[in-house]
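Student: make a model of this:
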Amino acid sequence: MEIEIHPRAPFDFDLSLRYYSRSKFEAVDIAENGRYYRAIPYHGKICPVEVKSVGEIEKPRILARSLAGSPEKYEQNVIAQNLKTIFRIGYSLHGFYEFCKTDHILKRLSERYYGLINLQTVDPFEILVWAITGQQMSLKFAFRLKRRLVEKYGKRFQVDGKTIYTFPKPEVLAGAKTSDLLKMQYSRNKADYIKSLAASVTDRKIDLEKLRGFDDNTVRDILTGIRGIGGWSCEYAMLRSLGRDDACPSADAGLRRALAENYGIAQKSSEKDVDNFMKRFMPFRGMATYYLWFGLLEKSTKDGVP
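Tutor: Have a look, this model is predicted:
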């Protein structure tokens, strides 16, 4: 199976993949040697894929091939749709880049990271569990916890010398033993939040896919009504899974550091102060955040990029 998809220019595949190189413990979204690997679900099955660029920044083309199995044509459409969501096919950077011309820092970042796309996590449940996992801890340790979680509850594929895990399904985490999560070094609160979220999704008390059809403020009201999801987790999920360009994770330590380095605001600024400062970037607060984060990623700062 091979699937070819065409992002809108400009699109820098290799640059965008750097986001998935943040930790050697990453086991779900794997980026190595200009290739992207992920196990894609379709009709109750799973297809591990390898994705590479076969185009150029101004004429982008992406080619995905199956590493195991031969999905039928109608099944390939589901896989293709997942990939289109991940790589934001149809999304254009032009509006954001026009906005960047109004701010000298963003102008510089948009030129340095020309073609950088905010890659998406298809399932909002996955990004919310990751957000809960990473609350108030170092990125390095958060990745260790995620690795333990997917190794125990995800499905493992060994293909082309790569080990790829699926992210655990909600029904699996809903049935996870709290004691097992504690052994992984999840706090009791985080274990409870993850199990509660998983149970709500499994029991269809929450339909996370419906969030895509709601406006930003409605999404915020719904997400912050979930146990364990505060302002930072909500905004992060909106940016990284729902494609909301104006999401603003004002409580993020990395964002605060980036603003201090680039704009001279106090590194210990309050969340409110950061939120007020970020208003100048509306309606692209999320994209501005992502490009500022990327500057930190390039420097490998201790705060890390979530």
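Student: run a quick neighbour tally on residue 57.
Tutor: Counted by other C-beta atoms under 10 Å, the residues lying close to residue 57 total 15. Just so you know, the C-beta spots here come from the backbone N, C-alpha and C atoms, and that holds for glycine as well.
Student: so what's it up against?
Tutor: Under the criterion of C-beta atoms under 8 Å, 6 or more residues apart in numbering, the contact partners of residue 57 comprise 9, 10, 11, 12, 114, 115.
Student: quick one, which of the residues you listed are buried?
Tutor: 9, 10, 11, 12, 115 (16 or more other C-beta atoms under 10 Å).
Student: for those, which two are the farthest from each other?
Tutor: Taking C-beta to C-beta as the measure, the buried ones among the contacts of residue 57 span a maximum distance of 9.8 Å, between 9 and 12.
Student: overlap of the contact sets of those two?
Tutor: Residues touching both residue 9 and residue 12 comprise 57, 115, with contact defined as C-beta under 8 Å, 6+ apart.
Student: what residues of stretch 155-163 count as buried?
Tutor: When burial is assessed from 16+ other C-beta under 10 Å, stretch 155-163 yields the following buried residues: 155, 157.
Student: before we move on, what about stretch 214-234?
Tutor: Judged by neighbour count using 16+ other C-beta under 10 Å, the buried positions of stretch 214-234 are 216, 219, 220, 222, 223, 226, 228, 229, 231, 232, 233, 234.
Student: okay if I get those as a markdown table plus pLDDT, distance to residue 57 and secondary structure?
Tutor: Below are those laid out as a markdown table (pLDDT from 0 to 100; distance: C-beta to C-beta, whole Å; DSSP: H, G, I helix; E, B strand; the rest coil):
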| residue | pLDDT | distance to residue 57 | secondary structure |
| --- | --- | --- | --- |
| 216 | 98 | 30 | helix |
| 219 | 98 | 32 | helix |
| 220 | 98 | 34 | helix |
| 222 | 97 | 37 | helix |
| 223 | 98 | 34 | helix |
| 226 | 97 | 39 | coil |
| 228 | 97 | 39 | coil |
| 229 | 98 | 36 | coil |
| 231 | 97 | 35 | helix |
| 232 | 97 | 32 | helix |
| 233 | 98 | 33 | helix |
| 234 | 98 | 33 | helix |
